[in-house]
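Undergrad: Show me the folded form of this:
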Amino acid sequence: NYDSTVADYEAAESLVKQALKLDPNDGEIWAVSSLLNFSFQSRGFDHSPERMAAAHRDAERALTLAPDSIEALFALGRWQRDNEDPQIAKETFEKILARDPNHGGALYNLAWIYEELDQVDKAAALYKRYAAQPGHEALGNYLLFLLYFHRAHFEEADQAIRKSVAAESSANARSMLAVLLLTWKGDADSAASELASGPTEVRSEARTIWTTAMVQLCQRKPDEVLKTLDRYSDDFIQDNWFSGPKTYFEGRAHALAGRMSAARIAWEKGLSVVDARLKEEPQSMNLRLMRGELLALLGRTDEAMGEARTLQELAAGTPLPWFISPARIYADLGRADLAVPLLRKLLASGDRDVGWPLTTELLRIDPLWDKIRDDPEFQVLAAPGAADAGESPKARVAGDSSPSLSTAAPAAPDKSVAVLAFANLSDDKDNEY
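TA: Predicted coordinates for the structure are as follows:
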């Protein structure tokens, strides 16, 4: 199930290991083991090289033991999709569909390949075909939502995610509907209402926690943020759309309420958590950005600027999307002169297919930008009414016809607070559910 928890996956892994002990020569079980290993990665629970090596090993073993097995062939195709030429994986999934036209995994993985090739219509048709199958309406429409959301086709994304929510009110679908409402409409109140409408059993899941915290910060309700975070017992929130210490949000909430000593304590604790993880993953761009933001918030300017440079070096010339951009660090430092040019380029480029589009609505509502909100050039980018709701981010960049600064967003409170939300940088779209 795409909404299962890490505990569910660990229980499934235990059962698979027991099955392999009972019959180590059953290729079908090895195929299941391979796909389960992929799922640990795709759900964001385990990105270790060992997990991926196990997925590859088990797929090959499955085909050796059961060369005619569709599931063994599918496990191989799943590996090929991420590690071989797309055409190779495409041919494998087409072989599966020739034998079983309704094979769900082959349908949505073939759609994924078309999505990577930017053949949106073909991808959408396959996702819809998958969603029409019994039991797959929730996931199929969720994947269709991602296809449209990445490209800022917000009306189509809205239709798809609402169908997913109607089929299954999961943490993933509810949270992404809230993210859509923030990104498309800048409507934190409606986003909060959608999150509150979800079932009680998903209220403590990682995705629900960080999304709710972000929405409540956008509503500027710091004490509600702290109540939300109290539901989460771990010190680190691990999700494919956000990865960072819980105390990051705690510090933001305290700062918004003017409790700066409490904020500093939270951010210092968060920094120690991030530093410990960086020892294991020194090249993690998410962790580097988080460290840079925490350092900036703590007033350690030179170190924060150093992390911004590290991000750019790790990117090796590749443009960074807004949710991993040094612009966030510059904003925390109040350096509009450095942040605004990057934001302007991101809006002009369209910032497409990177997980989470940047919009003027996000610039307007997200407290991340509060320290640079009074800058005239930023106000032009974030001005309400600068573009029609359906217009592309590229069209939203203000030129000679920019509205006057009197229409820009009002200045934020003196005690400003920022929100950070990481979207997955992986090209793997099913990582995002």
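Undergrad: Next, the buried residues of the helix or strand where Y130 lies.
TA: Taking DSSP states H and E as the criterion, Y130 maps to helix 120-131. Residues of helix 120-131 classed as buried: V120, A123, A124, L126, Y127, K128, R129, Y130, A131 (neighbour count, 16 or more other Cβ atoms under 10 Å). Heads up, the C-betas are built off the backbone N, CA and C, glycines and all.
Undergrad: Other residues contacting that helix?
TA: Residues from elsewhere that reach helix 120-131 (Cβ atoms under 8 Å, 6 or more residues apart in numbering): 104, 107-108, 110-112, 114-115, 136-137, 139-141, 143-144, 147-148, 151, 163.
Undergrad: what do you get for stretch 61-72?
TA: Residues outside stretch 61-72 that contact it (Cβ under 8 Å, 6+ apart): 25-28, 30-35, 59, 73, 75-76, 96, 99-100, 103.
Undergrad: Now the buried members of those residues.
TA: 26-28, 30-35, 59, 73, 75-76, 96, 103.
Undergrad: Looking at those, spot the one nearest A178.
TA: L35 (29.8 Å; Cβ to Cβ).
Undergrad: quick one: buried residues of the helix or strand A263 falls within?
TA: Per DSSP H and E, A263 falls inside helix 260-278. By neighbour count with 16+ other Cβ under 10 Å, helix 260-278 contains the buried residues A262, A263, R264, A266, W267, K269, G270, L271, V273, V274, R277.
Undergrad: Would you tell me which one of these comes nearest to A339?
TA: W267 (19.6 Å).
Undergrad: surely that closest one meets G251?
TA: Yes: assessed by Cβ atoms under 8 Å, W267 is found in contact with G251 at 4.2 Å.
Undergrad: one step back: from the buried ones among the contacts of stretch 61-72, which ones fall inside strands?
TA: Secondary structure from DSSP state E places none of the buried ones among the contacts of stretch 61-72 in strands.
Undergrad: So which of those residues are in helices?
TA: 27-28, 30-35, 59, 73, 75-76, 96 (DSSP state H).
Undergrad: got JSON lines for the buried residues of helix 120-131, with pLDDT and distance to P222 too?
TA: Listed next are those as JSON lines, based on pLDDT from 0 to 100; distance: Cβ to Cβ, whole Å:
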{"residue": "V120", "pLDDT": "94", "distance to P222": "40"}
{"residue": "A123", "pLDDT": "96", "distance to P222": "41"}
{"residue": "A124", "pLDDT": "97", "distance to P222": "40"}
{"residue": "L126", "pLDDT": "97", "distance to P222": "44"}
{"residue": "Y127", "pLDDT": "97", "distance to P222": "39"}
{"residue": "K128", "pLDDT": "97", "distance to P222": "42"}
{"residue": "R129", "pLDDT": "96", "distance to P222": "46"}
{"residue": "Y130", "pLDDT": "96", "distance to P222": "42"}
{"residue": "A131", "pLDDT": "96", "distance to P222": "39"}
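Undergrad: May I have the distance across stretch 276-291, first residue to last?
TA: For stretch 276-291, the first-to-last residue distance is 11 Å (Cα to Cα, to the nearest Å).
Undergrad: And for that stretch, what's in contact with it?
TA: 236, 243-245, 248, 270-271, 274-275, 307, 310-311, 314-315, 320, 324, 326, 328-329, 420, 422, 425.
Undergrad: centre of the chain versus that stretch, how much separation?
TA: 17 Å (Cα atoms, centre = their mean, to the nearest Å).
Undergrad: Would you mark the buried spots in it?
TA: In terms of neighbour count (16+ other Cβ under 10 Å), stretch 276-291 has its buried residues at R277, S284, M285, N286, L287, R288, L289, M290, R291.
Undergrad: How about stretch 76-92?
TA: L76, G77, R78, W79, Q80, R81, D82, A89, K90, T92.
Undergrad: Show me the shaky parts of this structure.
TA: 1-3, 350-354, 385-433 (pLDDT under 70).
Undergrad: Centroid-nearest residue for it?
TA: W241 (2.4 Å; Cα atoms, centre = their mean).
Undergrad: before we move on, which element is I237 in?
TA: Assigned by DSSP H and E, I237 falls in strand 236-238.
Undergrad: continuing past that strand, what's the next helix or strand?
TA: Sequence-wise, the next helix or strand downstream of strand 236-238 (DSSP H and E) is strand 243-245.
Undergrad: Not counting that next one itself, show me its contacts.
TA: With contacts defined as Cβ under 8 Å, 6+ apart, strand 243-245 is touched by 44, 235-237, 269-270, 273-274, 286-287, 290, 420, 422.
Undergrad: circling back to that earlier point, so which of the buried residues of stretch 76-92 comes closest to A11?
TA: Using Cβ to Cβ, the buried residues of stretch 76-92 come closest to A11 at R78, 21.6 Å.
Undergrad: can you pull the contacts of the closest one?
TA: S34, L35, F38, A55, A59, G105, N109.
Undergrad: what about it, distance to L333?
TA: Using Cβ to Cβ, to the nearest Å, we find R78 at a distance of 43 Å from L333.
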